[in-house]
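>>> Pasting the sequence and the predicted model now:
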Amino acid sequence: MRTLAIIITAFLMIVCGDQQAHAGKRAALVIGNSAYRNVAALTNPAHDAAAIADMFKQAKFDVVTLREDLGNVEMRRALRDFSDQAQGADIAVIYYAGHGIEVNGTNYLIPVDATIQRDTDTYDEAIALDRILQAVEPARQLRLVILDACRDNPFVARMRRTLALRSLGRGLAGIEPMQPNTLVAYAAKGGSTASDGDGKNSPFTGALLKHLTTPGLDVRRAFGLVRDDVMAATDNHQEPFVYGSLGGNEVPLVPVAKPRERPVADIRSDYELAEKVGTREAWDSFIRAYPTGFYTDLAKAQRNKLDAEAARRTATDKARAAADEEARLAAQGASSRTQAEAAERARKEADRQKQAEAAAATADANVKHAAEAKSMAEKAAAGTTEPTADKPAPAQKMAALPSAGETSRQAAPNPDADLPRRLQAELDRVGCDVGEVDGIWGAGSQRALSAFNRHAGTRFDTSLASRAALDAVRGKRGRVCPLQCGRGSHAVGGRCVASACRRGFARDDDGVCRPVGRVGRSRPDRYDDPYERRRPRRQAAPVRVERAPPVARHGPQVICDDHGCRPVRRGCRAGLANGPFQSQVCD
């Protein structure tokens, strides 16, 4: 089977090679007349002809003949020789650049040695377009004549008419060719002239060089593109035109190059080389070199296999990266939780220490209060000596003495003995009025600490002075408790100042504004407001006042019994029991 495939491939290569060797023959004659002897010379025709000839050579035409500045005889001989060269050709092209003239409906091409003084001289001095068409007639598929000769003709200006009815045109006439498969392309449509332009080539020739030999482009489509370019270059003043007709088949001047078939052995060798390299780039290179075929399909399969493997590796890498990121985030979260737990433990330990310090401070305060109570009791006992009948019994004196354990506890040194006074001073600094800063934690100090709790958002125990409360108050830099001024004064700049009375009034010792004649007199039935004086005043019902036993006002109340002396609990007062000792009365 393999041998049969090789034989078939070789046979096809021989057949295709034979067909390519006998592909259509193409011949071109290019004439450029610039150096006219009897009129002004032209510049562009020689340049245009050379460029067109080079274009046909690059398009691999079989015959390309370039002739310049031909006289009458040379031009006729060139046409005759080209007619022989076009024998058996599929495509024959004649390009002419120079002067042309239309006389009585017939187009003529003018050689460089022409002397035309009368209209009838044209028949002898010029060459008719029919002679040009006869030179391309041997071609089988396409006969093409291109005329860039529609310029302003200087011969017409001095030419005499021998017959008044004979017409002389400014350019060439639009004449349909009689032969089939023949096209005649004019640089300008019938009756109009063409421009030489400002460049090296005329606008018409420049467009031909751009489009005419495009591989695979039909000649009719090519001339359509030439027309568009020329009209754009001349601002629609010059319109090329093509006369004649072709069949329905595409007729390009340059066919599309067919890829050369390579031997199967070479393809297989290249395939094996790409397989050894084994990269996607190698398979892409092989597929570009061999777009179709059995080995091309194998190469595409190999490339798809590489793509699938690359996709698998990419997915694996992404999954691994995702797992690593998840593990990292989990570790980071665990570390964050550990740190949070450690911070919580530290906070709880700090709170515990603060509570312990507060408890110690409370105990110290209790000891101090007990000592102060004992001292006050002793002072009261020494200062209130009554007659012998009122003296307490010896047993009562013994009961007032503290126990041995309490005496030892009171005698122990206390490092926070000055804590109430310092807390009072700090509370007074932040605007919480404690009254007198005397180191005795009484009702005024408790009200001040309660006001601090209310305005600072704290919850310290107001029954005693604690180190935690002292630290919190010290941490405040400005006023915490708002300034409260009494009657007859108001706040100005953080302090209370006396308010001014209205005209005719002055403030008495009680801070009440009264008429000037009554200043110094304080009567409970007189008021500052005159409207208040007009109101009938209700008599308050008499209130029966029961006198309590006298107690010391220097600090918290203290009771003494056979267990010793101790402060009265909050909300209670000292009283007398049935026996000789004091007792604590709680309402």
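Looks like it came in fine.
>>> now the strands for the stretch 351-500 of the chain?
489-492, 495-498 (DSSP state E, counting those that start in this stretch).
>>> Verify the stated contact: D433 with C481.
Yes: here D433 lies in contact with C481, judged by C-beta atoms under 8 Å, at a distance of 7.4 Å. For the C-beta atoms, the positions are set from N, CA and C on the backbone; glycine is no exception.
>>> now the biggest helix by length in the chain, how far from the chain's geometric center?
For the chain, the helix with the greatest residue count under DSSP state H is helix 294-383. Relative to the centre of its chain, helix 294-383 is centred 35 Å away, using C-alpha atoms, centre = their mean, to the nearest Å.
>>> And it, what does it pack against?
helix 264-277, helix 280-289, helix 394-400, helix 404-411, helix 419-429, helix 467-474, strand 558-561, strand 564-567 (3 or more C-beta pairs under 8 Å, 6 or more residues apart in numbering; DSSP states H and E).
>>> Report the rounded mean pLDDT for that helix.
Across helix 294-383, pLDDT averages out at 86.
>>> Next, the angle from that helix to helix 419-429.
Counting by axes from the mean of the first three to the mean of the last three C-alpha atoms, to 10 degrees, helix 294-383 points 110 degrees away from the direction of helix 419-429.
>>> pLDDT-wise, which helix or strand of this protein ranks last?
helix 2-21 (a mean of 42; mean pLDDT, DSSP states H and E).
>>> Report the next helix or strand after it in sequence order.
Going down the chain from helix 2-21, the next helix or strand is strand 26-32, by DSSP states H and E.
>>> Return the list of helices and strands in contact with that next one.
By 3+ C-beta pairs under 8 Å, 6+ apart, strand 26-32 packs against helix 44-58, strand 63-68, helix 72-85, strand 91-97.
>>> G575 contacts D561, doesn't it?
No: look at G575 against D561 with C-beta under 8 Å: they stay out of range, at 11.9 Å.
>>> What's the local residue count around D461?
Residues lying near D461 (other C-beta atoms under 10 Å) number 14.
>>> Give me the common contacts of D433 and C481.
A448 (C-beta atoms under 8 Å, 6 or more residues apart in numbering).
>>> Which one's more surrounded, those two?
For D433 versus C481, neighbours defined as other C-beta under 10 Å are more numerous around C481 (17 against 14).
>>> The more buried one against A451, yeah?
Yes: between C481 and A451 there is a contact under C-beta under 8 Å: 4.8 Å.
>>> who touches both of the two?
The contact lists of C481 and A451 share C432, where a contact means C-beta under 8 Å, 6+ apart.
>>> And what about A185, helix, strand or coil?
For A185, the assignment made with DSSP: H, G, I helix; E, B strand; the rest coil gives strand.
>>> Same question for T213.
coil.
>>> show me the contacts for it.
When contacts are counted by C-beta under 8 Å, 6+ apart, T213 is found next to M55, F56, Q58, A59, L253, V254.
>>> what do you get if the cut-off is 7 Å, keeping everything else the same?
M55, A59, L253, V254 (C-beta atoms under 7 Å, 6 or more residues apart in numbering).
>>> Can you tell me which of these is nearest A274?
For the contacts of T213, the minimum distance to A274 (C-beta to C-beta) is 33.2 Å, reached by V254.
>>> For that closest one, give me its contacts.
A59, T213, T214, P215.
>>> Can you classify it by secondary structure?
Quick answer, by three-state DSSP: V254 is coil.
>>> ok, now how distant is it from L147?
Distance of V254 to L147, computed by C-beta to C-beta, to the nearest Å: 21 Å.
>>> Likewise for N104?
18 Å.
>>> if you count what's nearby, which of these two comes out ahead?
Using other C-beta under 10 Å, the more surrounded residue of N104 and L147 is L147, with 24 against 13.
>>> The host helix or strand of that one vs strand 91-97, what angle?
Take DSSP H and E as the rule and L147 turns out to sit in strand 142-148. Between the axes of strand 142-148 and strand 91-97, defined by the same axes, to 10 degrees, the angle is 10 degrees.
>>> Does strand 142-148 pack against any helices or strands, and if so which?
strand 91-97, helix 129-136, strand 182-186 (3 or more C-beta pairs under 7 Å, 6 or more residues apart in numbering; DSSP states H and E).
>>> ranking those by burial, who's on top?
For these, the largest average neighbour count (mean count of other C-beta atoms under 10 Å) is found in strand 91-97, namely a mean of 27.
>>> wait, doesn't R67 sit right on A78?
Yes: counting by C-beta atoms under 7 Å, R67 touches A78, with 5.0 Å between them.
>>> so what sits against both of these two?
With C-beta under 7 Å, 6+ apart as the test, R67 and A78 both reach I31.
>>> Show me which of these two is the more surrounded one.
R67 (20 against 17).
>>> Spell out which residues sit in contact with the more buried one, please.
I31, A78.
>>> how does it look with 10 Å?
Residues in contact with R67 (C-beta atoms under 10 Å, 6 or more residues apart in numbering) are 29-33, 49, 53, 74-75, 77-79, 81-82, 96.
>>> And stretch 106-115, what's buried?
T106, N107, Y108, L109, I110, P111, V112, D113, A114 (16 or more other C-beta atoms under 10 Å).
>>> So which of these are in helices?
Among the buried residues of stretch 106-115, no residue falls in helices (DSSP H).
>>> which of these lies closest to N38?
Nearest to N38 out of those is A114 (C-beta to C-beta; 6.9 Å).
>>> Not including adjacent chain positions, what is the nearest residue to that closest one?
Nearest non-adjacent residue to A114, counting by C-beta to C-beta, 6 or more residues apart in numbering: E125, 4.0 Å away.
>>> phi, psi of the one you found?
When read as degrees, to the nearest 10, the backbone of E125 gives phi -90, psi -20.
>>> do R514 as well
Dihedral pair for R514: phi -130, psi 160, per degrees, to the nearest 10.
>>> And the nearest residue to it once chain neighbours are set aside, how far from S269?
Nearest-residue entry for R514: D508, 5.4 Å, with adjacent residues in sequence omitted and distances by C-beta to C-beta, 6+ apart. Noted for D508: a distance of 129 Å to S269, by C-beta to C-beta.
>>> Please could you give me each C-alpha atom of stretch 433-441, formatted as PDB?
Output of stretch 433-441 as PDB, limited to C-alpha atoms (Å, rounded to 0.1, in the frame of the first residue of the first chain):
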ATOM      1  CA  ASP A 433     -17.000  69.100  94.200                       C
ATOM      2  CA  VAL A 434     -16.000  67.100  97.300                       C
ATOM      3  CA  GLY A 435     -16.200  70.000  99.700                       C
ATOM      4  CA  GLU A 436     -13.200  70.100 102.000                       C
ATOM      5  CA  VAL A 437     -10.200  68.000 101.000                       C
ATOM      6  CA  ASP A 438      -9.600  66.600 104.500                       C
ATOM      7  CA  GLY A 439      -8.800  62.900 103.700                       C
ATOM      8  CA  ILE A 440     -12.100  61.700 105.300                       C
ATOM      9  CA  TRP A 441     -14.200  59.800 102.800                       C
END
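>>> quick one: average pLDDT of it?
Averaged across stretch 433-441, the pLDDT comes to 88.
>>> Just checking the distance from that stretch to the centre of its chain.
66 Å.
>>> tell me which residues in that stretch are buried?
Those would be V434, V437, G439, I440, W441, for stretch 433-441 by 16+ other C-beta under 10 Å.
>>> Same check on stretch 52-64?
I52, A53, M55, F56, A59, F61, V63, V64.
>>> wait, what's in contact with the fourth one?
Right, the one you point to is F56. By C-beta under 10 Å, 6+ apart, the residues touching F56 are 26-30, 62-66, 93, 95, 212-213, 253-254.
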